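Asks: let me see the structure of the following:
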Amino acid sequence: MGRAFAAAAGLDADDESMLVTLRSLMDGGGLFVTGSPLHGMAGVLVYRAYFNAAQVSAQELFWWVDEDARRSGAGRSLLTAIEAYAREAGAHTLTMIALDDVDGERVGAFYRSEGYRPLERNFVKVL
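Replies: As a prediction, this is how the structure comes out:
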């Protein structure tokens, strides 16, 4: 799934780097999976906000559901788990990302329906 997420995002994936990240998230409690067989995963990082160290923020690192399991409720269950984890960790905000190339408009509409508001758009250039 990590490779599929990276490919959909147009990013280079390195298996060893992905394993390091996943192990770190497992140790810290920020990795969530769904399905049997496995068909969805999400990772979240909780940290002191760089613009206000008195505030704790949470950031989704990845939120992925295999295409054949989308619209099954798997994504919503992962989002619910991420939000609960962020709240329990004392986060004031949770930032979610929508990949433009993976139905970004629909994902954005879903976020809005869940109470999120747009904050910024990211642009990437391969150098």
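Asks: average pLDDT for the helix or strand containing T21?
Replies: Under the criterion DSSP states H and E, the helix or strand holding T21 is helix 15-28. In this model, helix 15-28 has a mean pLDDT of 89.
Asks: any idea how far it is from the chain center?
Replies: When C-alpha coordinates are averaged (C-alpha atoms, centre = their mean, to the nearest Å), helix 15-28 and its chain have centres 14 Å apart.
Asks: swap in stretch 87-103?
Replies: With C-alpha atoms, centre = their mean, you get 6 Å for stretch 87-103.
Asks: can you check stretch 14-29 too?
Replies: Distance of stretch 14-29 from its chain centroid, counting by C-alpha atoms, centre = their mean, is 14 Å.
Asks: flag every buried residue along it.
Replies: Of the residues in stretch 14-29, those scored as buried under the neighbour-count criterion (16 or more other C-beta atoms under 10 Å) are M18, T21, L25. (C-beta placed from N, C-alpha, C; glycine too.)
Asks: thought the last one was touching M41?
Replies: No - using C-beta atoms under 8 Å, L25 is not in contact with M41; the gap is 9.6 Å.
Asks: can you name the residues that contact the nearest residue to T95 once chain neighbours are set aside?
Replies: The shortest distance from T95 to any residue that is not its chain neighbour, by C-beta to C-beta, 6 or more residues apart in numbering, is 4.9 Å, and that residue is Q59. When contacts are counted by C-beta atoms under 8 Å, 6 or more residues apart in numbering, Q59 is found next to V44, L45, Y47, L94, T95.
Asks: what's in contact with stretch 47-57?
Replies: Under C-beta under 8 Å, 6+ apart, the answer for stretch 47-57 is V46, A58, Q59, A89, G90, A91, H92, T93, L94, T95.
Asks: gap between the two ends of it?
Replies: Between the opening and closing residues of stretch 47-57 lies a distance of 6 Å (C-alpha to C-alpha, to the nearest Å).
Asks: in that stretch, what's buried?
Replies: V56, S57.
Asks: so what's the gap between it and the chain middle?
Replies: Taking C-alpha atoms, centre = their mean, the mean C-alpha location of stretch 47-57 is offset from the chain mean by 19 Å.
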